[in-house]
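Engineer: compute the structure for the input listed below.
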Amino acid sequence: LAFCRGRVVRVPKGPLIRVVGTEVVIPCSVSDYDGPSEQNFDWEFSRETDFLRIVSTWDSTFTSEEYQTRVGHGDIKLRRSSNDAVELVIRNIQPTDQGRYKCSTPSTDATVQGNYDAEVQVKVISDGLLVSGSKARSSTSLRLSEGDSFKLRCSAITTSPEHTHLHVTWQIKSGSTWRDILSLTHEGKFQPGPGYEERYRNGDIRLDTGVNDTYRLSVSQASSVDAGAYRCLVSEWVRGADSSWQKIQEKNVEIASVAIQRTDVVISTSNVSVTERDSLDLTCNITTDRSGIFQAEVTWYFSVSPDDTLSDAQVLLSMDRDSVVSDSTLISLSHVDRNSYRLLVRDVDVEDSGYYFCQAAVWVPLHNGSWHKVVERTSVPVSVVVTALEPDYEVFLNASKTPKFSDDPTELNCRITNAQDTEANIRFTVSWYYRQRLRSDDVVTEELLATMDADWTLLLGDRSRERAQNGEIIFSKKAADTFSLRIQWTSESDRGDYFCVISAWSRHRNNSWVKSKDVTSASVSIFWATQDYTLTVEAVKLKPFFVAGHTFEMTCKVSSKNIKTPRYSVLITAEKPLTDQSNPNGTTRIISLNQDSVVRLEDWTDQTRVDGVVLEKVQENEFRYRMYQTQISDAGLYRCVVTAWSPGGGGMWREAVNGLSNPIQIDFQMSGPVFNVTVHSDSPTIYQGELADLLCIVTMEGMALEQDDMSFDVSWFAVRSFALDREPVLLASLDRRGIVTQSRRNGSSDLSLERISPLEFRLRVHGCEDHDFGNHYCVVTPWVRSATGVWQREPDIKAKPIFLSVKMDVLNAFKYPLLIGIGLATVIGLLSCLIGYCSSRWCCKKEVQETRRERRRLMSMEMD
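Structural biologist: Sure, this is the predicted structure:
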């Protein structure tokens, strides 16, 4: 294929049949060429043998003298469609232009390959197509009514010597453009235009052929879109040498101009306003220019919205074409004249407000005596507003109870006054609103507290729903003309403006209630002056000097302002030195007394001194705290934290303000021994499964003590990390009575804690695992017996951590797996050999019979 590739010049397959006087377009293209992408073309013409040069894309002097005039006037020209294709255009072709046309391309290839020109035969025939309108119709202008039918005719005939087909299309002019209605193609097929497919399938648009080569367009159910100018467009087609259809000419003739008179349905009046209990009178007019016999079918509709469809609207009354009206008690429909129909609604109600419209269908008789509906229209909805007979009344709002302090009750009464025209069919309901007061000029929208519907059902707003359900807000109706709002305990958030809205409801014919009027009262302001709460707490130390083991006593005196009937709750706190390991945060909550005088121990954890602290109420604003048998560890700053409470709603207490007293310091002069703690291990690095020994050694400096006058609480902790960046984990503890307590462990290793000497404590980890590594330390709490025989607790002492490393014994870890693996491999190998031997011995053995060979003795070479 690569060797056969070469330039190819193509023109249409001939002959090309064209009609004299038309425009001829002959395309020429080139492919598979080398050189520049844009190629040049030369056209030549020959009637018999010699070729005459017509036109060229690259040489302006190429044209022969015979064609220079036509080329200069533009009757013959070249039109480039792409870099490798051009079109030869000949306007108004004549019989002298019949002949052979050759298209050639100058070579731009490196080697000469393929063809560089191509010829096509053009045959020019005479114009034999004649198109005309119908001679039977004297007028070309039709005036029809909507729904009528009409027919248009045109004649088309051809006397062409060639075998040609006609393509007939009926078109309508809408504005400045022509649109296809229906066509009979040159292949004998009917083809409706865009938008006419449905009408063609329904048979409303047809195209029939008649005698004398006539083509008749029939249109039924004419509408406004059928108005315009109509023409008949006829084109002549011939089948080319390549079996494709080619259009050789086209002619048209305007047939008629059609005007459609639209049938409109309108209501004589526009928007209507009617008073309740009056009558509503509406007239539906049908506008048409029909002079013949016709009957109308009218239906009246009612809808709440103007956008409702006929399926959503309510049918009021209807009259068929025989003037038969459907029954109704309060609504009547009458035929006033030929084109007018009157709707009368008596005793209208507010619920009759809405949109009214009528639908009319025009029927005409046919020749066979039946009736045919030619058009159907719906009027524009008319808005009807029925004004209710409103009662006349006023609304007055007053506050029977106003709060002076927080949590005082508030009561508002909304009263109906000067009521007139309040019949038995009128009912009153109330809606309560709240508006917050702001110091600035910002606009604040009101909030709905509660509202009543027509059945006196109370609907709560978001602001008051929870409080009303709890009974804190009460909505009631005291009398027929009085509604009440009561807030049991008014809070500061309730301060603002309140107003009520009295709604009047009217009963309709169907016993439903419809709101007819709203009257809003003037607002009532609920406000009282407030001052900031103040609370002062003073702590006093009753005994200025005392020693360890004695009783510590202090009082807290409280004074407050701007608090209504306050009660106080007291909390005693102690700020220990930062060296105290029992409370790293520094502040300890000891004991509390609430506003109901209930005492509670908070963070007091000394089980031996459960009754060692007492908090009592001396007076209404004075409280006393005692701590018996004080220890050295009790040193620190003590304060009173007081909270003032005021009575709240529902017997509850509301927190008002908090206060903190001045600190009272407990300090002891240390004259006893000084203890130090260290951790020691002979082998901090061990292997898994071995025993780890850790010693906690207590040393003493200063004054010497007897062994019976001192004891220790020892606790062991571990931090499971190389750095001390995790929380310590309690391993075990030994109190001064010798009771050992261990924490829960997840591994298989075990712990033991013992006292091996008065100042040495040993922790053993049996069967160490890898998770037993980390920093280990002990915390010692010394206890010293004073001269009075009281045991004093010294501050906790924390030893410096020692890191315990647990390694894995590789040999012991892999000894048993290796032995098991070698044993299994040996057994499997022997079993495989046994299976192979048995298979080759008994299962896969074959008997092979060999041919017996003769045994001959070798001969000597001399005999050979």
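Engineer: quick one: least confident helix or strand in the protein?
Structural biologist: Using mean pLDDT, DSSP states H and E, strand 264-267 stands out as the lowest-scoring helix or strand of the chain, at a mean of 70.
Engineer: what is the neighbour count of the nearest residue to residue 38 once chain neighbours are set aside?
Structural biologist: Leaving aside its sequence neighbours, residue 38 sits nearest to residue 83 (Cβ to Cβ, 6 or more residues apart in numbering; 4.3 Å). To be clear about C-beta, it is placed using only N, CA and C from the backbone, and glycine gets the same treatment. Residues near residue 83, counting by other Cβ atoms under 10 Å, number 11.
Engineer: so what's residue 83 up against?
Structural biologist: For residue 83, the contact set (Cβ atoms under 8 Å, 6 or more residues apart in numbering) comprises 37-39.
Engineer: neighbours around residue 432, how many?
Structural biologist: Residue 432 has 25 nearby residues by other Cβ under 10 Å.
Engineer: do residue 753 as well
Structural biologist: For residue 753, the neighbour count with other Cβ under 10 Å is 21.
Engineer: wait, it sits on residue 766?
Structural biologist: No - taking Cβ atoms under 8 Å as the definition, residue 753 is not a contact partner of residue 766, at 11.9 Å.
Engineer: measure the residue nearest to residue 38 to residue 465 for me?
Structural biologist: 81 Å (Cβ to Cβ, to the nearest Å).
Engineer: packing partners of the helix or strand following the least confident helix or strand of the chain?
Structural biologist: Going down the chain from strand 264-267, the next helix or strand is strand 272-275, by DSSP states H and E. For strand 272-275, the packing partners by 3 or more Cβ pairs under 8 Å, 6 or more residues apart in numbering; DSSP states H and E come out as strand 280-287, strand 382-387.
Engineer: most tightly surrounded among these?
Structural biologist: Among those, ranked by average contacts under mean count of other Cβ atoms under 10 Å, first place goes to strand 280-287 (a mean of 18).
Engineer: in its sheet, what does that one sit against?
Structural biologist: strand 264-267 (antiparallel), strand 340-345 (antiparallel) (DSSP bridges).
Engineer: who touches the longest one?
Structural biologist: Counting by Cβ under 8 Å, 6+ apart, strand 340-345 makes contact with 268, 279-286, 296, 298, 300, 316-317, 319, 330-336, 352, 356, 358, 360, all of which sit outside it.
Engineer: how about stretch 19-26?
Structural biologist: 11-12, 16, 18, 79, 87-95, 97, 101, 103, 120, 122, 124-127, 129, 160, 236, 248-249.
Engineer: one more time with 6 Å
Structural biologist: Stretch 19-26 is contacted by residues 18, 87-93, 101, 124-127, 248-249 when judged by Cβ atoms under 6 Å, 6 or more residues apart in numbering.
Engineer: ok, back up a step: format the strands paired with strand 280-287 as a markdown table; extra columns: distance to residue 712.
Structural biologist: Formatted as a markdown table, those follow (distance: least, Cβ to Cβ, whole Å):
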| stretch | distance to residue 712 |
| --- | --- |
| strand 264-267 | 108 |
| strand 340-345 | 106 |
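Engineer: just send the ones you listed back as a markdown table, with mean neighbour count too.
Structural biologist: Compiled in a markdown table, the strands paired with strand 280-287 are given as follows (neighbours: other Cβ atoms under 10 Å):
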| stretch | mean neighbour count |
| --- | --- |
| strand 264-267 | 19 |
| strand 340-345 | 19 |
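Engineer: residue 399 is nearest to which of these?
Structural biologist: Residue 399 lies closest to strand 340-345 among these, at 48.4 Å (Cβ to Cβ).
Engineer: toward the C-terminus from that closest one, list the very next helix or strand.
Structural biologist: Strand 340-345 is succeeded, C-terminally, by strand 354-365 (DSSP H and E).
Engineer: that next one pairs with which strands, parallel or anti?
Structural biologist: Using DSSP bridges, the strands paired with strand 354-365 are strand 295-303 (antiparallel), strand 371-378 (antiparallel), strand 382-387 (antiparallel).
Engineer: mean pLDDT lowest where, among the ones you listed?
Structural biologist: Ranked by mean pLDDT, these bottom out at strand 371-378, which scores a mean of 80.
Engineer: list the buried ones in that one?
Structural biologist: Within strand 371-378, the residues scored as buried using 16 or more other Cβ atoms under 10 Å are 374-375, 377.
Engineer: quick one: that strand to chain centroid distance?
Structural biologist: In terms of Cα atoms, centre = their mean, to the nearest Å, the centre of strand 371-378 is found 48 Å from the chain centre.
Engineer: and the strand ranked longest in the chain, what's buried?
Structural biologist: In the chain, assigned by DSSP state E, the strand with the most residues is strand 245-261. Judged by neighbour count using 16+ other Cβ under 10 Å, the buried positions of strand 245-261 are 248-250, 255-256, 258, 260-261.
Engineer: what's the neighbour count on the closest residue to residue 76 other than its chain neighbours?
Structural biologist: Distances taken as Cβ to Cβ, 6+ apart place residue 70 nearest to residue 76, at 4.8 Å, with adjacent residues excluded. Residue 70 is flanked by 18 other residues according to other Cβ under 10 Å.
Engineer: element containing residue 70?
Structural biologist: Assigned by DSSP H and E, residue 70 belongs to helix 68-72.
Engineer: what's the spacing between residue 121 and residue 46?
Structural biologist: The value you get for residue 121 to residue 46, if Cβ to Cβ is used, is 10 Å.
Engineer: and for those two, which residues touch both?
Structural biologist: In contact with both residue 121 and residue 46: residue 100, using Cβ under 6 Å, 6+ apart.
Engineer: please report how far residue 774 lies from residue 696.
Structural biologist: 16 Å.
Engineer: could you check which of the two is surrounded by more residues?
Structural biologist: Remark: of residue 774 and residue 696, residue 696 carries more neighbours, 26 against 20, as counted by other Cβ under 10 Å.
Engineer: grab the longest helix from the chain for me.
Structural biologist: Ordering each helix of the chain by length in residues (DSSP state H) puts helix 810-838 first.
Engineer: next, the buried residues of that one.
Structural biologist: Going through helix 810-838 with 16+ other Cβ under 10 Å, nothing comes out buried.
Engineer: give me the low-pLDDT residue ranges for the stretch 751-864 of the chain?
Structural biologist: The model of the stretch 751-864 of the chain has pLDDT under 70 over residues 809-813, 844-864.
Engineer: which residues of the stretch 451-600 of the chain fall in strands?
Structural biologist: Taking DSSP state E, counting those that start in this stretch as the criterion, the stretch 451-600 of the chain carries its strands at 458-460, 473-479, 482-487, 496-507, 513-520, 524-526, 534-541, 552-561, 567-575, 587-593, 599-601.
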